[in-house]
Every structure is written in structure tokens, then in C-alpha cells.
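J.: Sequence and predicted model, in that order:
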Amino acid sequence: MPIKTEPFYLNLGPQHPSTHGVFRLRVELDGEVIVNVEPIIGYLHRGIEKLAETRTYTQVIPLTDRLDYVASMTNNLAYCLSVEKLAGIKVPERAEYLRVIFSELMRLANHFLAIGAFLNDCGALATPLIYMWREREKIVDLCEMTCGQRLLFNYMRVGGVSQDVPEEFMPALKKFVAEMPKFIGEYEQLIKQNEIFLARTKGVGILPKETAINIGASGPVLRGSGVNWDIRKKDPYSIYERFDFEVPTGEVGDCYDRFWVRLREMRQSVRILEQAIVQIPAKGPIRADVPQFFRPPAGEAYGHIEAPKGNLGFYVVSDGSIAPYRVHIFPPSLINVTALADMAIGWKVADLIIVFGSIDVVLGEIDR
Amino acid sequence: MTLLDQFQKMLMTAGLPDWAAYLVPALVGIILIIAVSLTLVIIFIWWERRLLGRFQLRLGPNRCGPEGILQPVATGLKLLLKEDIVPAKADKILHFLAPIVVFVPVLMIFAVVPVSEGAILANLNIGIVYVIAISSISTIGIFMAAWGSSNKFALISGMRTVAQMVSYELPVVLSIVGVGLVTGSFSMLSIVQAQSIPFILLMPLGGVIFFLGCLAEMNRSPFDLLEADSEIVAGYHTEYSGMKFAMFFMGEYGVALAYSAVIATLFLGGWSGPLLPPVIWFLIKVVLVFSFTVWMRATLPRLRVDQLMSFAWKGLLPMAVINLVIIAIEVLVVPASMLWLMVILNFAFAAVLVLLWSRLFTLGGGRVEV
Amino acid sequence: MKFERYGIGIAKGMALTLKHLFRPPLTVQYPDEKLVVSKRIRGNELVWFPDRCTGCGTCTKACLQGNIILVTHRGEPNKFIVDKFELDSGRCIFCGLCVESCPYDALAMGLEYECAKYRRGETILDKDKLKLTDQHQPSAYYRPQFAAGLPKQSLLIYDKKDGGQKLNLFPLSKRKRGPGA
């Protein structure tokens, strides 16, 4: 006689140690095996797209900080790029380099946090997280030196950046870039070959190449599945075509590949920073002549960048007035998290946590 | 002749009736053991937090008392004053009893741990078997807590606990049998006295298996699945607060301390050591073992539940069985005066076994089609 | 877990954590020791210079929260007299756009960052609270002329020979974090 069983529903979140924000997963379990996963989002909705319609073009920039608050400057950059495209503004040379420097610093900062939190989800009690946090702290120090805050930077402006870096910035950045490969090597030593870590991540949560492309995933999630797609290479924005760097890709598309792609991307970011430090003009304007309350011509523009988490796009529609008619945000996290169910079904609860950690989402971006 | 027996004899010669001469030393011993072990637990909580802090480039607690040593006391006071919350749908009786069932056996383990020559509360001739038997009772307590608090996270944790504890008990017991074979006794006192060479050298594989099994029994990383905070919040004590939670907390660290003491006794030579007094040697060894577990906790990720089970059943258990057979043959063949030969042989066998298992052992589990 | 590599990866990781045991801790015991914040810190209480303010109202337009209240009346020929200049630091998001937009450098971000209040009303900064005093100094955010007198920011990019971090197990004794700490 078969035993009558019932599915076991478990709510992971909205308040749970490893949901990386206010995220809820409604999980249907058979024992510990996951039968179904349903992500429920919207707990952090602030209506940023609607708020943007009542602000001037400059005033939207602080709002974009609140999207992906782990790497806020990339949001500023994506928005400013689309508005510049809309209004046809040319950005000065030094400002372009500063933008590249800060967006690569942000990529490092984001990947430090992503890998640290991912390892924390694997159960390595806070140690990798704190080691990575130490390096992230150095980046945040640099940003604080430049723009006065540590989380919501509000640094990029339409047509450049808000202010030039102080004179003590460049020596500190050089020192940071010089010692960073050593620390990245240390993280590899800490965890890369760890047998338990390999057992937990190798082959777990596989996202096949075709599924990844069909879902529209981007960033390390897509590259971890073996697709060589990086907007810095494929649709170069800013001055990225001047730099020499590689796009690391994974092979299988499991959690380990996504981790490993992030770690190698950090090395590439350091390479870009090294080149940018050498190439940056010592003096020059850092902002095109754009008034604070400017009116771009009526029209629409879509600008996208390779944010640390993937393809971050801003679609800005102007009706010629002082405020944008519509700002639509295309966040990478929201697209990537739709792949969660494909990856997690059939695995255990513990695997769901690390699969979710390996996608690296930020809820500010998903809920907007 | 333990210190307790001497005390008893002294009382009897002083003219006390038999029952009093039996009762008074027993009570004194029990109170002493409870007081000392609880104090040690408090110090060990502080030590773990400080050490873990240093591993993680933090400072750890340093505010209450000198270098923060009173922090566990402050935590205890805070927990004592907190509201005791019982979930509305909880099984009230089980919810109430579970912390006690977890906590009391932990204290009972200390009864058979010899601190120095003769300083033992109960010199049982089956001391180490008693430890294993008593510590298994905590499993029931943890499952009671998990079931009684009617929480889904707790329930998952409780299921994991039972599976984990039962599985890891087997390799632990089998490696103890090896110790018993060499010693010829299960009494903790005679085990220590038999260690002219620490047993970790005499039977390295048995020692490692026992250590890994103990890590699983005391729920420490990388086997801390039942309170895997990144997965199932706090596991079985998710719904506990106040003093009940404090009892779980003390029980957990008490087990860690007790097992550190047992490992030090069985495999590291207990109190024996040159120059320093035996109590100090014993404490040094316990702290070393405990610090090693803290070090592992600071570094290692957690295993998944099916990997944990396959590691116990496919990895540790067969190795423990083969190790036991090898030791049994060695005890028969090798004369007692040639222990060094056994050391060499056992290291060779351990190497061969690990080499074999590195090729044979595969992980179970993986993706399940649903 | 596979034994194939006999736990070498685990041993490597544990060697690294052991190495970190002998590195200086990062903890800054906040109320006792304080880091020096950036010269351009966007601190919690803004500084307003009444003599330079013309009452043009650019800052009120630049504020995306609509947070700055400015009331003026016409006084001397071609000059506004500011009756009321008020902002609620509880609603302010400290984006710094008002400072950036001010054409006369009459507004600057503050240096303070420990500005918790017991009552909501106390977060409202009026003309008196915004004035420059010895305790209430402006930061160099968008005002590089104030940068000279400010102390150097303490950075984590330390170097031992620059007088940076050293291993110190006794936390409450004096411990430096960066070259400028």
C-alpha cells in the first residue's frame, strides 16, 4: 500500500538569513528535495520609475543609486549614458576615464560582496565574507574620498562626473591596484580547491547555455554558462574599446563556474584599472557644459552597460520638458532570478540557498 | 583508588554512618563537577568567540570584564531576563522538556572524564561506552525541541539531527573499540594509563575517524547541518528564547567541551605529560582540541545532508571497520614491548586505506528527478 | 567531498586562516576610537552662509525631495532678504545637489555625522542651526576652498612603514588604522 504523502511548503523569507534582502521563496518540498520554487518579489518596491517622472534629469541620478546599492555608480553611469545619448552630449576625456575607473572599482566591490555572501551561504561562517569585506572597504574608502559617501555615491552627472578626484586619490588607487592581485590570489587559496566547496558547487544548479540565452540572462550568470557575451566588448560604451582585457567564461554553468567567472573577472577589472591609471590625462575638464536644469530634445534613447550583475539598461523618453516623460529600468537581477527555478528544482534546500547566492541578486534592483 | 574513594574512607574512619560516608563525597563531587564544568563552558564560549574573531580579523567580545571574559555571563543574564516565548501551536510539554533533556546528559559526561590521576567522579569500568550512551540522549532532546516547537525549519533540522547522530555514532564506536582492544579496558583511567605513546600516533586513522565523528556529534562545522543558519535559520532552537535557549546554548558548548576532553583523554594521552602538573596538561590538551575545532569552523563550508550521510556510511564506516580488524590482528601478533612497530604499521595502513578510498569513494546524491 | 586530493584544498584554506590570525584586526571600536572621515563627507547638518546667500532659490529647485523652504522679501534695491531658510534633515537624502547648484557658494555640506535626535522636530534645521560656528564646520564637498584645513582621511590601504596597522591583541590601547589616523 503506498503511503499517502503531502507536499511540504516552506517559506524562505521575506526575512531569512540568506535571502540577500527582502525576498521570499515559496518552496514546495518532498523531504528535503525541492519540487517547486516560486520567487515572490515586491517587498522593496519604491516606485523609482514613477518617481523619476516627477524629477528633473539631474535629480533622477540620486534615485538610481538606490537600485543596485552594492554598486551604485554603475547605475548612475547607465542612466547618464542614456540621457547623453538622448541629448547628444559629448563627455570630456578625463571624465570618461574617471567613469571607467569607478565602474571597474564598483565591479570589484560588487564581486567581493557577491563571492563573500555566496561562500557565506555555503556555510563558511562569515570568514570569507569578512576577508572580502576588507577589500571592499578599501574601494568604499576611495569612493568616500571622492564623493563624500560610502553607499549612495551620486557621483556621475549627465556629461561627466560631479567633481574631480582629490589629489591623494591617485596614489591610493595605484597602491590598491598594486596589491589587489595578491589578495585575489589569497581568496583562491582560501576556497577554490576546498574539497567541501567543490562538492557543494560542482555540478550543482546547472543552467544550460540555451536556457540561459532564452531566459535573457546576462552578466556572470550568462558567462558562467559558457556564452561569451560582455557589452564592454560587444557594444562598447564609454571608452572601453581602448582597454585590453579578456572576458572569462565558464564551461558547465554550475554554481562553481559562476563563482569562478566572478573571481577571474576581478583580475580583469584590475587589468583595466592598471591601464586606465596610465592612460588618464592628468588635467582637463571633467564635465561637459550641461546646466543643472536642462531640457533634452523630445525623443527616446536606450543606453545599456555591463553592470557587475549583467546588462543594465535605461530607457529614457523625453517630451522636451524639464523632467523625463518615462524612465524604464532594465535590471539584470530581475532577469537572472527568473532562472532560479530551472536551476534549483530537484536539488536540496541547501542547494537552493547556494544557487540563489550564486546568481547574486540585489533586491533594490529587482523591485525598483 | 580515586580521590573520591579516599575521601569516603576518611569519612568512614571519622565515624560517620555508611550511608553518609557514601552520600557526602558523592554530593560534593557532583556539585564540584557541575560548578567546574559550567565555569569551563563559560570560559570556552568566550574563548571560541575571541578566537573566531581573530581568525576573521575581528576582535571578538572585549567589553565585559577584562578582555571580555564576562561576556558569556552578561549574555546569560540577558537571556535569563528575556521573555520566554512558546509558540501557540507548540507541543507545550515537549517544548518545555527538550532543553532539559539536551542539557542534563552533557553534564553527566563529565562524571567519567579523568582530570588527573584519580581525579574522576565515577571510575566506571565502561567509562567510554557510558559517554557514548549518555551523549546519544541529547539527540532525543533535540528532536523533541524540533517537533515540539511546530516550526518547519526546526522540523527539517530535527530530521537531519537524527540521521546525522545515528550515522556518526557507528564510526565513533568502532574507533573506540580499537582503543579498547589495545588497552584491554574501557575505563577512562586505564586508557590514559595505557598510553605510553599517545593513541593518535598508535592508531592515526582511528583517531582521525573518532575526531570527525565527534565533530558531527557535537554539531560543529563542517557538520553543523542542524543549525545551518544560512539554510534553516537556527534549526531546532528557532522557536526558543530566554533561559530555554540558554540551556541549548550551554548544552551545545558543553558537548563541545566534553568531547574535546574525551578526545584528549582517548587519543592525546589525557593528563600525562612532563614537567607541568597533570591538570594543566589536561587543560592544555582540551584547549588545543577545542581550538582546532574553532579553526575548522572558521574556514570550512558546510556539507550537504546527503553528502554528510554518504561520508559517514561510505567513507568513515568501512574505514573504521577495516581499521578495527587491522588493530585486532596487530594486538594479537605484535608483542606489547614492540609498540613502535605498531605505530609504523598503522601509519602505513592508514596511508594505504586513504589511498584506496581516494579512488573508491564516490558521493551519493545529486539531482533528483521530481 | 572526495578524497582524491587528500584534503589538500582544505589544508590550504586552513593555512590561510591561520595566517590571518597574525594580521591586525580591522575592528574600530567606534565610540572609543574614531576614523577620520573624508574631507568631502556629505555630513548630516548643512552649513549656510547668510551673508553670501542672495535668496535666489536655486537650491530649493535642485532639491529632489522638495525639502528646502526659502521665504524672502524684497529689501534694499535689487536684494532679497531671507526670512526663512529651513530644511528637514530627517527628510534630506544628502545627495548634495543643492550644494552643487548654489551659484554663490552659500551652502555647504556639514562635517558632522553623529546627529541622531530624540524628537522629530529637532531634525528641522532653521537659520540659527545652519549657521557656521566652531562646532559646525563645512565639509569640502563641492567646496574645495574648505579642504585645506581638514584632517587627512584615514584609509584602510595601510602600509606598516607608513605607520599603519600593527598586530595588537589588546584592543583598547591606542591603535592606528591608516597613515593619517
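T.: Alright, I've got the coordinates.

J.: show me the contacts for A:Asp289.
T.: A:Gly159 (Cβ atoms under 8 Å, 6 or more residues apart in numbering or on different chains). Bear in mind the C-beta positions are built from the backbone N, C-alpha and C, glycine included.

J.: Now do stretch C:59-74, average pLDDT.
T.: Rounded to a whole number, the mean pLDDT of stretch C:59-74 is 86.

J.: which parts of the stretch 51-200 of chain B sit against chain A?
T.: Contact residues, the stretch 51-200 of chain B versus chain A (Cβ under 8 Å from any Cβ of the partner chain): B:52, B:55-58, B:152-153, B:156, B:159.

J.: Going by neighbour count, which of those comes out on top?
T.: When neighbours are counted by other Cβ atoms under 10 Å in any protein chain shown, B:Ile156 leads those with 27 neighbours.

J.: that's a helix at it, yeah?
T.: Yes: secondary structure assignment (DSSP: H, G, I helix; E, B strand; the rest coil) places B:Ile156 inside a helix.

J.: Pull the number of nearby residues for the nearest residue to B:Gln8 once chain neighbours are set aside.
T.: Leaving aside its chain neighbours, B:Gln8 sits nearest to B:Pro25 (4.8 Å; criterion: Cβ to Cβ, 6 or more residues apart in numbering or on different chains). Number of residues near B:Pro25 (other Cβ under 10 Å) recorded here: 21.

J.: correct me, but B:Pro25 touches B:Lys9?
T.: No: using Cβ atoms under 8 Å, B:Pro25 is not in contact with B:Lys9; the gap is 9.5 Å.

J.: hang on, the earlier thing: the residue nearest to B:Gln8 belongs to a strand?
T.: No: B:Pro25 is assigned helix when assessed by three-state DSSP, not a strand.

J.: give me every residue that touches it.
T.: B:4, B:7-8, B:11.

J.: Could you rerun that using 6 Å?
T.: B:4, B:7-8 (Cβ atoms under 6 Å, 6 or more residues apart in numbering or on different chains).

J.: Point out the least confident member of these, please.
T.: Among the contacts of B:Pro25, pLDDT bottoms out at B:Leu4, giving 73.

J.: Chain C against chain A: which residues are in contact?
T.: C:1, C:7, C:9-10, C:12-13, C:16, C:26, C:38, C:40-42, C:64, C:95, C:101, C:141, C:153, C:155-157 (Cβ under 6 Å from any Cβ of the partner chain).

J.: Among those, the buried ones, what's the PyMOL command?
T.: To isolate in PyMOL the members of the residues of chain C next to chain A that are buried, counting by 16 or more other Cβ atoms under 10 Å in any protein chain shown, one can use:
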select buried, chain C and resi 1+7+9+10+12+13+16+26+38+40+41+42+64+95+101+141+153+155+156+157
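
J.: could you list every residue that touches the residue nearest the centre of chain C?
T.: In chain C, the centroid-proximal residue (Cα atoms, centre = their mean) is C:Ile41; its distance is 3.1 Å. Taking Cβ under 6 Å, 6+ apart, we find C:Ile41 in contact with A:148, C:139.

J.: The same query, at a cut-off of 8 Å, please.
T.: C:Ile41 neighbours (Cβ under 8 Å, 6+ apart): A:144, A:148-149, C:109, C:111, C:113, C:139, C:141.

J.: So what does it look like in phi/psi?
T.: Backbone geometry at C:Ile41, expressed as degrees, to the nearest 10, gives phi -60, psi 140.

J.: Distance of it relative to chain B?
T.: 25 Å (Cβ to the nearest Cβ, to the nearest Å).

J.: Let me know the distance separating that residue from A:Tyr69.
T.: Going from C:Ile41 to A:Tyr69 by Cβ to Cβ, to the nearest Å gives 19 Å.
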